[in-house]
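1. For reference, the sequence and a predicted model appear below.
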Amino acid sequence: MPAAAPQRLRLGRQSRLAQSRDFMRLRQQGQRLALGCLIANWNRLPEGCRPKLGVVTSKKIGDAPARSRARRLLRESFRRHQHEFAQPIELVLVARNSIAGRSFGEVEKDFLAALRRARLLKTEP
């Protein structure tokens, strides 16, 4: 029996939230959890949909390179774990000031802790 093909870990355009109305809708109607260096706003999607991500970084985090790094860290955390969701979701991650200077491992740890607390990840058998 051949081994199962690994799941692709891409984060293309169809996996991103880009319009401000989507961000506002999630902020008003979705659920919210603040933990560590991020705030997560999410809404569950119907089965068969693809998970979607939006990232918000404010000028309070620092200069443009610091904000870009924060966005990259949050997107990479989502990209690596997008196939572990129990159900497809729309997710907006808001970087908090404490993300500045953190390593990828620390950001990923906060990301996974937030998803576990929100019960958005598949349960281990």
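-> Structure's in. What do you need? Numbers count the residues shown, from 1 in each chain.

2. how many neighbours does Ala66 have?
-> Summarising burial for Ala66: neighbours were counted as other CB atoms under 10 Å, giving 16. No exception for glycine: its C-beta is placed from N, CA and C like everyone else's.

3. For the chain, just list every one of the helices.
-> In order along the chain, the chain carries the following helices (DSSP state H): 20-29, 64-81, 104-117.

4. now these as TSV including distance to Ala95 and mean pLDDT?
-> Supplementary listing: the helices of the chain in TSV, determined by distance: least, CB to CB, whole Å; pLDDT from 0 to 100:
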stretch	distance to Ala95	mean pLDDT
helix 20-29	14	92
helix 64-81	4	95
helix 104-117	9	96
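
5. Ok, which of the ones you listed comes nearest Thr57?
-> Ranking these by distance to Thr57, with CB to CB as the measure, places helix 64-81 first at 4.2 Å.
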